[in-house]
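> 3D, please:
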Amino acid sequence: MSNHTMTYSLAADFGGAINASVLDASIRASEITIALRGIQTSGDSVEIIFKSNLPTAEQTLLQGLIASHDSTPSTPSPFPVQLEGLKNASGRLEVSSYPSAASRINFITHRWNDATTWYSESQKIVDEHPAPLNGKNQPFVEGVDEWNGNRYQLSNVNIIDMSHGKIFMEDFEVAPDGGDYQVKVKVNGVERIEKDPDSEQGQWSLDYSTGLLRMDPNLNHEDLLEVTYYHATSSKYTMRPAAGKTLELRNVEVQFTTDISITDTMQFEVHGYVAVFAPQLIGTPSGPASVFGPHDRIPIKTAVRYKTLFDYANESNGVYPLIPGTTRKPLWRDSANDIITFPWNYQSSIPLYGDYGMEVVINLLNDNPFEGEFCTATFYCYSVEGGVPTG
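Numbering: from 1, shown residues only. Predicted coordinates for the structure are as follows:
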């Protein structure tokens, strides 16, 4: 299901003030059955976002909650903390740490050396009829070439590969339409099975980089072949918190295999809503045929660019011990090269406020994949309640 947004006026519907956390809690505690995604405010606009459309009766419930909403700012009640009696025999205060109440969430980027993993802004192609090839992998010419029904060429390259472990937790990635990113191959309306990378059992295989499809068994001339897939359009990878949440960026690690070659500039940039960070731009040109809207995002800090391997080494907090390469049998499960890891351990967390539209965008400036076996980055974060700064 797609999200459903109900938009209200801060002045007309809330009397000019809102306590988003209180309203959020009252909606969740009510008899409204549709899951609440979050509440966003910008200028006079208040957006209440649900997982799907509200039934008429529940819309009435929501109107009642808005009418009775108390916008008084929440003030935590102070309480004394007693630390006496916690000292040990040497007179030192004994304390212990407890796990954070925040939700831990990690973001693992694309592989910057492999465009078949650049799924974030990939484009979906539905039921394409790929071009048949002759025995020399050239376009099949009717009446000239002998039909083999074995090789077919998709119209795009860098097909998103969610079958061979290139993308962390690939089985759980959800595409924008609510489905998955898996390639679907149908013959005469019946879906065929991709060859298993271990057993080789299956009916088709694909070179995801070149878009060359091989069928097993071969197809007949009159068979109808249809392929649905996603293909990469950009290296851009985006991290953003959910509405009503703050994403706290704590640590980062960048991992390379030792055969990597840096062939492009990596850019790290923070974006946010125009309405929050540059309201004077609203209504001004943002391109040849458009103007800035309040929820358009713009860069809010100077971008950080890593042009050489030395840039990664210079800014990191050091380097972890090498992870030795493995036997590389089978090929897709192991590493042929040692892996080096650069950590960034921030002295204080970097907050991304969801209600401010803040996000981190990472990309290769020229979409030119690095050369080598493996390169990725892991961002270790906490997701906490509240989409705006507190205190």
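> need the helices for the stretch 51-200 of the chain, in chain order.
Here the stretch 51-200 of the chain has its helices, by DSSP state H, counting those that start in this stretch, at 56-67.
> dump the residue contacts of Thr257.
Contact analysis of Thr257 by C-beta atoms under 8 Å, 6 or more residues apart in numbering lists Gly325, Ser335, Ala336, Asn337, Asp338, Ile339, Ile340, Gly372, Glu373, Phe374, Cys375. Yep, even glycine has a C-beta here, placed from its N, CA and C like the rest.
> what would those look like in TSV with secondary structure and pLDDT?
TSV is the format used below for the contacts of Thr257 (DSSP: H, G, I helix; E, B strand; the rest coil; pLDDT from 0 to 100):
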residue	secondary structure	pLDDT
Gly325	coil	91
Ser335	coil	91
Ala336	coil	90
Asn337	coil	93
Asp338	coil	94
Ile339	strand	95
Ile340	strand	94
Gly372	coil	95
Glu373	coil	94
Phe374	coil	95
Cys375	strand	96
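> neighbour-wise, which of the residues you listed leads?
Cys375 (23 neighbours; other C-beta atoms under 10 Å).
> so that one touches Ile260, yeah?
Yes: the pair Cys375 and Ile260 qualifies as a contact (C-beta atoms under 8 Å) at a distance of 5.3 Å.
> quick one: common contacting residues for those two?
In contact with both Cys375 and Ile260: Asn113, using C-beta under 8 Å, 6+ apart.
> Make TSV out of the contacts of Thr257 and add distance to Tyr152.
Listed next are those as TSV, based on distance: C-beta to C-beta, whole Å:
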residue	distance to Tyr152
Gly325	35
Ser335	32
Ala336	30
Asn337	33
Asp338	38
Ile339	36
Ile340	40
Gly372	30
Glu373	28
Phe374	30
Cys375	31
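> so where's the chain uncertain?
Within the chain, the segments meeting pLDDT under 70 span 1-2, 74-102, 328, 330, 347-348, 391.
> Can you pull the domain assignment for it?
The chain is divided into the following domains under automatic domain parsing: 4-67, 104-113+235-385, 119-233.
> As a markdown table, those domains with distance to Pro73 would be great.
Listed next are the domains of the chain as a markdown table, based on distance: least, C-beta to C-beta, whole Å:
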| stretch | distance to Pro73 |
| --- | --- |
| domain 4-67 | 6 |
| domain 104-113+235-385 | 15 |
| domain 119-233 | 37 |
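> Give me the distance between Leu133 and Asn218.
Counting by C-beta to C-beta, to the nearest Å, the gap from Leu133 to Asn218 is 12 Å.
> With neighbour numbers in mind, choose between those two.
Using other C-beta under 10 Å, the more surrounded residue of Leu133 and Asn218 is Leu133, with 19 against 12.
> Not counting sequence-adjacent ones, nearest residue to that one?
Nearest residue to Leu133, sequence neighbours excluded (C-beta to C-beta, 6 or more residues apart in numbering): Arg151, at 4.1 Å.
> quick one, what contacts the one you found?
Arg151 is in contact with Pro132, Leu133, Asn137, Leu212, Leu213, Arg214, Met215, counting by C-beta under 8 Å, 6+ apart.
> partner residues bridging it?
On the basis of DSSP bridges, Arg151 is bridged to Arg214.
> That one and His221, how far apart?
Here the criterion is C-beta to C-beta. By it, Arg151 lies 14 Å from His221.
> now swap in Tyr380 and tell me
With C-beta to C-beta as the criterion, Tyr380 and His221 are 54 Å apart.
> who's more crowded, the two?
Higher neighbour count among Tyr380 and His221: Tyr380, with 19 against 10, using other C-beta under 10 Å.
> Mind listing residues that contact stretch 173-189?
1-2, 119, 122, 124, 127, 159-160, 162-163, 167, 170, 191-192, 194, 203-204, 206, 213, 215, 219, 223-230.
> if you set the cut-off to 6 Å instead, what comes out?
The contact list for stretch 173-189 (C-beta atoms under 6 Å, 6 or more residues apart in numbering) reads 119, 160, 162, 192, 204, 223-230.
> mind listing what's buried in that stretch?
Buried residues in stretch 173-189, counted by 16 or more other C-beta atoms under 10 Å: Tyr181, Gln182, Val183, Val185, Val187.
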